[in-house]
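[1] Structural data only, the sequence is not supplied:
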Ligand SMILES: [Zn+2]
Ligand SMILES: [Zn+2]
């Protein structure tokens, strides 16, 4: 076991504090990673505040991790000491179910092992990336191309794959009109990736506050829904809508903006059921769908795509003692567009 410095929660209500956690010994198929940067995902905050259910304390969250391999187990073939690598939302899966065998380990029938707050194969609770080191099975470690700036790569491991996967699956190529609803950590990556795929992208949010940013990310236009009739004016416009907002919204109004055969894909998670009129789907043969992260294989493809197209998240680098403030600012929507912790400040 290795005792490492971390920053974590001791209760659902107290601020996060410096603490230490144990990492398992490096097994034959494990790699030990010296973490360099760790992104702050809104899921981290929901988890430690127990907004998604009871958790085990102390809890170290973080599932947007990049760093350097410093030790490898005897059977490791995929990564070598010195490699720049990443870890996203999962660190293991059953490897036996139909989904795992098909390479869809994020949909594992037995539940994949989350990077934090999950029960690992050895029965311990996993602890995430706000730490100096992590030990992970080689199959769940991604290679992070050198072309992606080190301090900006981390958010790709969650925000990047969460948006890349539906854009790839539902097709965001040339000649396709894509709308991205919400311009936060997820939304701004959806814009950059869809533009790089060749789609014509429209960003939609409540106000014009992020219009200039949206256009700088390559969006063709920005629409503010606080203007009367804004959505109505978009009737039969889009082939694909990626909705990143986690609040209730008028699903029928958005479905109207789809062209026939279009799809509205949700990656945000509103807490309450939505009022979907089935007639909104039937007329134009439309689809209402959801998407959750992506497989390891697809995450690797996303990293290579971002390197090839020169795409990286917009980030604000913080020190460990700024994590609590960053949480409050993330909840308030006051971040452009992702906080990244400099893991050197945890040492
Ligand atoms: Zn996340
Ligand atoms: Zn499985």
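    Nice, thanks for sending it over. These numbers come from a predicted model, not from an experiment. Ligands and ions are numbered 1, 2, ... in the order given.

[2] residues touching residue 140, list them.
    Taking CB atoms under 8 Å, 6 or more residues apart in numbering, we find residue 140 in contact with 87, 90, 91, 92, 296. (C-beta placed from N, C-alpha, C; glycine too.)

[3] Show me what from the stretch 51-200 of the chain comes close to ligand 2.
    For the stretch 51-200 of the chain, the residues in contact with ligand 2 (CB under 5 Å from the ion) are 93, 94, 97, 100, 108.

[4] Buried subset of these, written for PyMOL?
    Restricted to buried positions by 16 or more other CB atoms under 10 Å, the PyMOL selection for these reads:
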select buried, resi 93+94+97+100+108
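
[5] Tell me which two in the residues of the stretch 51-200 of the chain next to ligand 2 are the farthest apart.
    93 and 97 (8.1 Å; CB to CB).

[6] Can you get me a residue count around residue 291?
    18 (other CB atoms under 10 Å).

[7] how close does it get to ligand 2?
    Counting by CB to the ion, to the nearest Å, the gap from residue 291 to ligand 2 is 19 Å.

[8] Residue numbering should commence at 35 henceforth.
    Renumbered: residue one is now 35, and that last one reads residue 325.

[9] which one of the contacts of residue 174 has the most neighbours?
    residue 121 (28 neighbours).

[10] Just list the residues touching the closest residue to residue 349 other than its chain neighbours, thanks.
    Distances taken as CB to CB, 6 or more residues apart in numbering place residue 374 nearest to residue 349, at 4.6 Å, with adjacent residues excluded. Residue 374 makes contacts with 71-74, 98, 185-186, 188-189, 349-352, as judged by CB under 8 Å, 6+ apart.

[11] now, among the residues of the stretch 85-234 of the chain next to ligand 2, which is nearest to residue 169?
    The closest of these, once distances to residue 169 are taken by CB to CB, is residue 127, at 16.8 Å.

[12] from what I can see that closest one touches residue 148, true?
    No: using CB atoms under 8 Å, residue 127 is not in contact with residue 148; the gap is 10.3 Å.

[13] Which of the contacts of residue 174 fall within helices?
    residue 330 (DSSP state H).

[14] Among the contacts of residue 174, which one sits closest to residue 279?
    Relative to residue 279, and with distances defined as CB to CB, the nearest of the contacts of residue 174 is residue 124, at 24.1 Å.

[15] quick revisit: overlap of the contact sets of residue 127 and residue 131?
    142, 144.

[16] Tally up the residues packed near residue 112, please.
    Residue 112: 16 neighbours (other CB under 10 Å).

[17] what do you get for the one 5 residues further on?
    Taking other CB under 10 Å as the neighbour definition, residue 117 ends up with a count of 17.

[18] what about the residue nearest to it when sequence neighbours are not counted, which SS state?
    Computed as CB to CB, 6+ apart, the closest residue to residue 117 that is not its neighbour in sequence is residue 103, at 4.6 Å. Here residue 103 is strand, with the state taken from DSSP: H, G, I helix; E, B strand; the rest coil.
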